[in-house]
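> prediction below, plus the sequence it came from.
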Amino acid sequence: MKTHLWLLAVLGFGVTACAGDGASRVPASQPPLYPPAVFAHRVGTSEITVYWNCARPEPDVLRVEGVVQNTGGGSLQYAEVEIVSVDARDRTIASVGAPVRDAILQTNQISPFQLTLRTVGAETRIDLYYQYRAQTRLGLGVAQAYREQFRARDVCSESQHRVPKPQSGLPSFDAPLRQPNPHTDWATIVPRTGPFPTGTALSKDLDA
């Protein structure tokens with residue numbers, strides 16, 4: 001009788017282990033990320049779009065978390081993102097930057113980033129800088145690499161760079177580019193120190 005019970009216990013354990021092992025090998029299906037449904041802000045160029053959210057996990061800590069998406073076709077390399085806190089005199093207080101997770105972004109590929117900046121209370125706005133390397137075809141299999149660098153101002157504002165949300169129950173589609181403002185868009189920034197050289201253009205705002 002003891003031997004019979006022991007065999008039943010062993011068989012039961014084996015069935016449970018097999019079921020558990022099989023379940024662990026089957027990954028849960030994850031829907032593809034649709035950035036406009038997840039992030040509140042975005043800016044971009046004809047080649048790349050940056051989406052992000054701003055959060056305050058602590059009173060003196062700002063966290064900017066988002067993704068960079070290759071929306072222009074071809075491959076992009078070495079995308080980097082930086083956030084900079086600026087005071088009322090337009091002076092840099094602090095900054096932090098990092099490359100996105102993937103060194104190479106193919107068409108429509110999305111790569112995440114997360115930046116955490118400690119604030120001191122003197123900030124009047126947060127600017128976001130991003131850069132990447134792309135290639136242009138010159139013909140006959142020859143390509144020329146170039147680096148693009150852009151800045152978006154006041155990226156944690158409740159009214160700036162907002163992603164349009166669906167209205168009247170209709171699905172959300174990417175809004176057309178608004179007309180550039182000659183006073184704020186496509187300008188050249190004042191010289192500053194940091195990983196991004198002077199002459200960085202302001203990013204095109206994708207808001208409607």
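Sure, I can see it.
> so where is this structure shaky, pLDDT-wise?
The model of the chain has pLDDT under 70 over residues 1-32, 137-138, 166-208.
> what are the buried residues along the lengthiest strand in the chain?
The residue-count maximum for a strand in the chain (DSSP state E) belongs to strand 125-139. Using 16 or more other C-beta atoms under 10 Å as the burial criterion, the residues of strand 125-139 that qualify are Arg125, Ile126, Asp127, Leu128, Tyr129, Tyr130, Gln131, Tyr132, Arg133, Ala134. Glycine gets a C-beta too; all of them are placed from N, C-alpha and C.
> check which helix or strand the closest residue to the second one other than its chain neighbours maps to.
If you skip the residues right next to it in sequence, Ile126 has Cys156 as its closest partner in space, 4.8 Å away by C-beta to C-beta, 6 or more residues apart in numbering. For Cys156, there is no enclosing helix or strand under DSSP states H and E.
> ok, so what distance separates Cys156 from Pro57?
14 Å (C-beta to C-beta, to the nearest Å).
> give me the more crowded residue out of those two.
Cys156 (22 against 8; other C-beta atoms under 10 Å).
> can you list phi and psi of that one for me?
Phi and psi for Cys156, reported as degrees, to the nearest 10, are phi -110, psi 10.
> what does Ala37 give?
phi -80, psi -10.
> neighbours of it, just the number please.
The tally of other residues near Ala37 (other C-beta under 10 Å) stands at 10.
> what's across from Gln144 in the sheet?
Thr136 (DSSP bridges).
> one more: Val61?
Counting by DSSP bridges, the residues bridging with Val61 are Glu58, Arg118.
> same question for the one 4 residues further on.
Note on Glu65: beta-bridge partners Asn53, Gln114, judged by DSSP bridges.
> got a list of what it touches?
Trp52, Asn53, Ala55, Pro112, Phe113, Gln114, Leu115 (C-beta atoms under 8 Å, 6 or more residues apart in numbering).
> break down this protein into its strands, ranges please.
41-44, 48-58, 61-70, 76-86, 92-99, 104-105, 110-118, 125-139, 142-152, 201-202, 204-205.
> check the ones you listed for me and report the most buried one.
Greatest average neighbour count among the strands of the chain goes to strand 41-44 (a mean of 24), per mean count of other C-beta atoms under 10 Å.
> adding distance to Gln160, write the strands of the chain out as a markdown table.
Shown next, in a markdown table, are those (distance: least, C-beta to C-beta, whole Å):
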| stretch | distance to Gln160 |
| --- | --- |
| strand 41-44 | 8 |
| strand 48-58 | 11 |
| strand 61-70 | 14 |
| strand 76-86 | 14 |
| strand 92-99 | 19 |
| strand 104-105 | 25 |
| strand 110-118 | 18 |
| strand 125-139 | 9 |
| strand 142-152 | 8 |
| strand 201-202 | 12 |
| strand 204-205 | 8 |
